[in-house]
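Asker: Okay, predicted coordinates and the sequence, questions at the end:
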Amino acid sequence: MEVGNRFKDRGQIAGRGPWLGAPRPAGRVRGSLPSATAGLSGNAVRLLALSVSAVVAPFLAACQTPDSGLDGCFYWIDETAARWSLDEWRQEVAFMQRAGFEHVIVSGPAYGVAAGQQNESIQAFDRLMTACEPTDMLVYPAIWAHWQWFARWDLVEEIETNKKVLALLTARCGGHPNLGGWYIPHEIYITWDDKTAFMVKLYGQLSKLCKQHTPDKKVLISPFFILDRHGYLGDFRFVEPAEYERFWYELVRRTEIDVVALQDSGEHLSFYTLEDRRPFFEAMKRACDRAGKTLWGNVETGELYAEGYEDYVSRFGAKTHVNDPKTRSSWRPVPAEKLRRKARFARRFADTIITWGYREYWDPMRGEPARSVYNAYLASGLATAARR
């Protein structure tokens, strides 16, 4: 539920945890079927085995469906990544490819460009683009947004700054074969009245600028939805899916945006279910289809653990924003089977699935805890599923 910069840190890895688990060691596991059935007759054992098979086989088959992986990620070039050498960026790109990624939405360089600086972030972006050259990876630089644009509502500032940013970034990478397009980082849920008029102008003019510089490249956005009907997390106005659909249809149809990558966890809370999310995915799918836009899924791989609203309020206080520093220790990688279900669910609406959370929770360049999560992701088969 973050209006503005989606790339800010939302907490560190809280231990290794059981995110995707570890590969099961070879050999018999204590309590497995042969030892558990000691003393039963042969017919009883066969009946038990058939019963277990009838329950487990469909589950195992569902877990191996070829539509469960992730196709890309968001990536903020922070101080750590800004210092990487070309060889280190080549290693990062190789890790992304092994994870099945084909799309990377990159934030950071626009801010140095806007300030007229040749800073580390811009140079790191150059190295990333070079590292991608032998691959089919597509990179989408985020354009500029004031860090408090959603409080300032300064259309002239956003447009004029991005005219300069897009001109400079296009000169830098506009002809690069791995440039996939541009990301507009002004993320919203829904707006009303004069703010809606602002967003129509903002998205319309920014997407037009992108197309003027690179007509054949895609323009992406990544909106979210809110599921908190009763204001536990703040004084946010809740809308029903029908109004959500109308708003997004009317907004995107007036722009040159190509792709709407819908966040599946606007508030990032772990207790939200797929059925909670379904009405908003259905609404956005209808809006995109009517407007002639492509829907992607943004299946987030980081979440804020809470057992329910009451648990959240008891620990953090009523009206506490999910990105408040006091919630930091409760952020974690999304658990294994939940990620499978989230990705499979999103595939019902979108052919391309990207994620926020890779850099934050399972980038193997970030140390052993993240590397363990990454290796478990590979072992799960999800990376192979994404490439099929």
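Answerer: Okay, I see it.
Asker: Which strand or helix spans residue 106?
Answerer: strand 103-107 (DSSP states H and E).
Asker: Return the distance of that strand from the chain's centre.
Answerer: 10 Å (Cα atoms, centre = their mean, to the nearest Å).
Asker: by contact count, what packs against it?
Answerer: strand 72-76, helix 120-132, strand 138-141, strand 181-183 (3 or more Cβ pairs under 8 Å, 6 or more residues apart in numbering; DSSP states H and E). Any C-beta I mention is one placed from the backbone N, CA and C, and that applies to glycine too.
Asker: May I see those arranged in TSV, with mean pLDDT, mean neighbour count and distance to residue 349 as well?
Answerer: Output for those, formatted as TSV (pLDDT from 0 to 100; neighbours: other Cβ atoms under 10 Å; distance: least, Cβ to Cβ, whole Å):
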stretch	mean pLDDT	mean neighbour count	distance to residue 349
strand 72-76	98	24	16
helix 120-132	95	21	28
strand 138-141	98	24	20
strand 181-183	98	25	20
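Asker: Redo those as TSV? Include distance to residue 85.
Answerer: Converted to TSV, the helices and strands packed on strand 103-107 look like this (distance: least, Cβ to Cβ, whole Å):
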stretch	distance to residue 85
strand 72-76	17
helix 120-132	7
strand 138-141	18
strand 181-183	25
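Asker: Residue 382 is nearest to which of those?
Answerer: strand 72-76 (13.1 Å; Cβ to Cβ).
Asker: So what touches that closest one?
Answerer: Contact partners of strand 72-76, identified using Cβ atoms under 8 Å, 6 or more residues apart in numbering, comprise 6-8, 81, 96, 101-108, 138, 222, 298, 352-359.
Asker: Give me the buried entries from those residues.
Answerer: 6-7, 81, 96, 101-108, 138, 222, 298, 352-359 (16 or more other Cβ atoms under 10 Å).
Asker: now the strands for the protein?
Answerer: 72-76, 103-107, 138-141, 181-183, 218-221, 259-263, 294-298, 302-304, 331-333, 353-355 (DSSP state E).
Asker: Check the burial of residue 285 by counting its neighbours.
Answerer: 17 (other Cβ atoms under 10 Å).
Asker: In space, what's closest to it - neighbours in sequence excluded?
Answerer: residue 349 (4.7 Å; Cβ to Cβ, 6 or more residues apart in numbering).
Asker: cool, and residue 133?
Answerer: residue 178 (6.4 Å).
Asker: Tell me if I'm right that that neighbour and residue 129 touch.
Answerer: Yes - with contact defined as Cβ atoms under 8 Å, residue 178 reaches residue 129; the gap is 6.1 Å.
Asker: Can you pull the residues that touch both of the two?
Answerer: residue 139.
Asker: how about the helices and strands packed on strand 103-107, which one is nearest residue 281?
Answerer: strand 72-76 (18.3 Å).
Asker: Now do that closest one and strand 294-298, the angle between them.
Answerer: 70 degrees (axes from the mean of the first three to the mean of the last three Cα atoms, to 10 degrees).
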